[in-house]
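>>> Could you look at this predicted model? Sequence included:
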Amino acid sequence: IKGYNDLSPRIGAAYDLFANGKTALKANVGRYLHPASNQGRYINANPSELVSTITGRSWTDTNGNFLPDCDLLNGAAQSPATTGSIDTCGAWADQNFGRERPGTRLDDSILSGWGARPYDWQLGVSVQQELFPRVSVEVGYFRRWWPIFGAADITDNVLTAASDYTRFNVVAPADSRLPNGGGYTVPNIYNITAVANARGQDNLQKAANDFGSYSRYWDGFDVTATARLRNGLTLQGGTGTGRLVFDQCESREVVPESGATNPYCRQTEPMLTTFKGLASYIIPKLDVNVSGTFSSRPGVPLSANVVYTNADMTNPARATLGRPLVGTPTGTITVNVLEPNTVYGDRIDQLDLRIGKILRFGRSRTSLNLDIVNALNSNDNLAYSGVFGPTWPAPTTVLTARLFRLSAQLDF
């Protein structure tokens, strides 16, 4: 990385709307840089990461001594019949082991300069109103947008053009678990031609907006009510509703290989709502703090990945390519036939509780706490298998079972 140059202005303001201390108008806007960490485009720019350090090979222990009796530093296949080795050892799985492997070059435009580092803008406008003493409600609108998003970088094989890819459709399986019973067409899948595939690869990574219009943004509304009552009772609750919109269709038209089997270059979430609440109360005289938090958030979007074979490519009921697949070593492709953000898993509800005994010694204070995580022992699903089949969508991760945890906190 040669060096980034950025200016990241941030400003916020609050105004007493009616000059009575009961209505506050708040606004803020700011530009925030994404961390230059060891991942994505940054790790690919490190020459040491291009050296192949791991490989594997098959081995047949012919003499049964549990030792590979062949030349392990020789990456070629070896056998008693061909090399005179005692055992049989297959070739290195990665013939570039110990050397620099062919990789993706990074364009200078994403490694240095003004405004080249990924960043986002955040905007917030809210109004907070006091309803009663110690009780208020705040309503706000928030927007976040990413002019440059590192995860959306495009890898372009500069040896091919868009015309070197054949566009075709696949047909989703007929299944009652899919929208409208399945059997619908999933358009705009790409496969490289044999002539273009023979040219090989020379990959160059660039920012998505170098290939056309690119947009990614989230906007939504929050409503929060807060009550700080006497005797140590605090109540807070609210909702957040918003959606993410993503559009990278122009760059996919220019560089089909950037998402050959993913036709969903524009994704729009429905307005999703999260509910959250908390309560805290200190029981007088006993000095016992009882508190809890509750959240209810939308389930995760589901995917349905279907494998299509060369036999399917010539079957009009399954696909319209009309020829065998090129550039796929297994002769198959995997396509998600379920448009993102159309089917969601069950909502995820969780209640956590805490009971804490407060001990006071002079100017110090100690709290002995019992936390009950997932107090209702909910088994809501956090993730689902994306492989379409008889058990789809099988849960793969669920909420952690009810957990009791002891802790202590000393303040002095």
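Everything's here; your move.
>>> going forward, measure contacts between C-alpha atoms and count neighbours the same way
Noted.
>>> Need the nearest residue in space to Leu50, chain neighbours excluded.
In this structure, Leu50 finds its nearest non-sequential neighbour in Glu100, 5.4 Å apart by Cα to Cα, 6 or more residues apart in numbering.
>>> Kindly state the beta-bridge partners for the one you found.
Applying DSSP bridges to Glu100 gives these bridge partners: Val51.
>>> So that it lines up with my notes, have the first residue be 244 from now on.
Renumbered: residue one is now 244, and that last one reads Glu343.
>>> I'd assumed Val294 was in contact with it.
Yes: between Glu343 and Val294 a contact is recorded at 4.2 Å, counting by Cα atoms under 8 Å.
>>> Just give me the neighbour total for Leu646.
12 (other Cα atoms under 10 Å).
>>> Which pLDDT value does the model give it?
If you check Leu646, the pLDDT there is 96.
>>> For the residue nearest to Leu293, report the pLDDT, please.
At Glu343, pLDDT is 72.
>>> burial count for it?
Neighbours around Glu343, by other Cα under 10 Å: 14.
>>> For it, which residues are in contact?
Counting by Cα atoms under 8 Å, 6 or more residues apart in numbering, Glu343 touches 293-295.
>>> PyMOL command for the buried members of the residues you listed?
PyMOL command restricting those to the buried ones, with burial defined by 16 or more other Cα atoms under 10 Å:
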select buried, resi 293+294+295
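>>> Let me have the contacts of Glu343 in TSV, extended by pLDDT.
Listed next are these as TSV, based on pLDDT from 0 to 100:
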residue	pLDDT
Leu293	70
Val294	79
Ser295	82
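>>> Restrict stretch 565-578 to CA atoms and write it as PDB.
Only the C-alpha atoms of stretch 565-578 are listed here, as PDB (Å, rounded to 0.1, in the frame of the first residue of the first chain):
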ATOM      1  CA  GLY A 565     -27.400 -25.800 -24.800                       C
ATOM      2  CA  ARG A 566     -23.800 -26.900 -24.400                       C
ATOM      3  CA  PRO A 567     -21.500 -28.400 -21.700                       C
ATOM      4  CA  LEU A 568     -20.200 -26.000 -19.100                       C
ATOM      5  CA  VAL A 569     -16.700 -24.600 -19.600                       C
ATOM      6  CA  GLY A 570     -14.200 -23.600 -16.900                       C
ATOM      7  CA  THR A 571     -15.800 -25.600 -14.100                       C
ATOM      8  CA  PRO A 572     -13.500 -28.500 -13.200                       C
ATOM      9  CA  THR A 573     -16.400 -30.600 -11.700                       C
ATOM     10  CA  GLY A 574     -18.700 -30.000 -14.700                       C
ATOM     11  CA  THR A 575     -21.300 -28.400 -12.300                       C
ATOM     12  CA  ILE A 576     -22.400 -25.000 -11.200                       C
ATOM     13  CA  THR A 577     -24.300 -24.100  -8.000                       C
ATOM     14  CA  VAL A 578     -27.100 -21.500  -8.200                       C
END
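>>> all helices of the stretch 244-393 of the chain, in order?
283-287, 323-326 (DSSP state H, counting those that start in this stretch).
>>> Among those helices, show the one with the smallest mean pLDDT.
What stands lowest among the helices of the stretch 244-393 of the chain, in mean pLDDT terms, is helix 283-287, with a mean of 67.
>>> strand partners of the helix or strand hosting Ala651, parallel vs antiparallel please.
Using DSSP states H and E, the element containing Ala651 is strand 646-654. If you go by DSSP bridges, strand 646-654 pairs up with strand 607-616 (antiparallel).
>>> Was I right to think Asp490 contacts Gln510?
Yes: with contact defined as Cα under 8 Å, Asp490 reaches Gln510; the gap is 6.5 Å.
>>> pLDDT-wise, which helix or strand of this protein ranks last?
helix 283-287 (a mean of 67; mean pLDDT, DSSP states H and E).
>>> What residues are bridge-paired with Tyr433?
Assessed by DSSP bridges, Tyr433 has beta-bridge partners Arg410.
>>> which ones are touching it?
Tyr433 touches 408-411, 499-500, 503-504, counting by Cα under 8 Å, 6+ apart.
>>> Please determine how far the residue nearest the centre of the chain is located from Ala626.
When the chain is reduced to its mean C-alpha position, the closest residue under Cα atoms, centre = their mean turns out to be Ala394, at 9.4 Å. Per Cα to Cα, to the nearest Å, Ala394 is found 21 Å from Ala626.
>>> Quick check: which ranges of the stretch 344-493 of the chain have low pLDDT?
The model of the stretch 344-493 of the chain has pLDDT under 70 over residues 344-345.
>>> Please, where are all the strands along it?
Secondary structure of the stretch 344-493 of the chain, counting by DSSP state E, counting those that start in this stretch: strands at 348-349, 355-357, 362-375, 378-391, 397-400, 408-414, 428-435, 446-449, 458-471, 477-490.
>>> hmm, back to that, can you tell me which of the contacts of Tyr433 are buried?
408, 410-411, 499-500, 503-504.
>>> Give me the nearest residue to Gly588, chain neighbours excluded.
Gly542 (4.5 Å).
>>> count of residues packed around Asn474?
So Asn474, with other Cα under 10 Å, has 10 neighbours.
>>> Apologies, that question was intended for Glu381.
The number of residues near Glu381, taken as other Cα under 10 Å, comes to 18.
>>> and it, how far is that from Ile591?
Glu381 sits 25 Å away from Ile591, going by Cα to Cα.
>>> Just the helices from the stretch 544-655 of the chain, written as ranges.
553-556.
>>> which regions of it sit below the pLDDT cut-off?
Those would be none, if you go by pLDDT under 70 across the stretch 544-655 of the chain.
>>> My guess is Asn431 contacts Phe411. True?
Yes: here Asn431 reaches Phe411: they are 5.7 Å apart, a contact under Cα under 8 Å.
>>> What residues does Pro252 make contact with?
Contacts of Pro252 by Cα under 8 Å, 6+ apart are 273-274.
>>> Please report how far it lies from Gln365.
The value you get for Pro252 to Gln365, if Cα to Cα is used, is 11 Å.
>>> now do Asn400
34 Å.
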